[in-house]
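Peer 1: Mind folding the following:
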Amino acid sequence: MTGHRSKIALSFLIYSGFSSCVTKDIFMPRSEYPADPWVKTYAAPDDCPGGEKLAAVDFDLPLYPRRAFNSGRQGWVIVRLDVDSDGQTENVSVERSLPAGLFGSNAKKAVEKWTFEPPRDGPLQNCRVLIRYRLGTVSLGG
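Peer 2: Predicted structure coming up:
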């Protein structure tokens, strides 16, 4: 009888040890991913639509916000920015984000740190970049 109790106790300890190694950081989507917007529809003819004229030198994508990750939320942000003649970002703003208020400030902070090759034709104004937050990862839209 004592041997049986020892095996149960040992099994419980092993199970407890393994279960404590399991992470709770598993992304479980709880919402449909909203369809990507067509970024060019937000641009005027003289703007830098979709970032096509931009050549990034140094940029880090934003981190997935912990609050959004934990709740399984997905979405996207259109960030508008200017690039000066030295390739530094200026006037970064969130043009639109979905869901509103969840990813925008996170994206803006990351884009403010980006640098680009100096534009050949002088400073660029009203460039737009799509940042996707999908299935626990962050990527740039096309």
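Peer 1: and Trp76, that's in a helix?
Peer 2: No - counting by DSSP: H, G, I helix; E, B strand; the rest coil, Trp76 is not part of a helix but strand.
Peer 1: Nearest residue to it in space, please, no chain neighbours.
Peer 2: Arg132 (5.0 Å; CB to CB, 6 or more residues apart in numbering). C-beta: built from backbone N, CA, C; applies to glycine.
Peer 1: who's in contact with that neighbour?
Peer 2: Asp36, Trp76, Val138, Ser139, Leu140, Gly141 (CB atoms under 8 Å, 6 or more residues apart in numbering).
Peer 1: so which pair among these is furthest apart in space?
Peer 2: Taking CB to CB as the measure, the contacts of Arg132 span a maximum distance of 13.8 Å, between Asp36 and Val138.
Peer 1: that older thread, for PyMOL, write the selection for the buried entries among the contacts of Arg132.
Peer 2: Here is the PyMOL command that selects the buried residues among the contacts of Arg132 (16 or more other CB atoms under 10 Å):
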select buried, resi 76+138+141
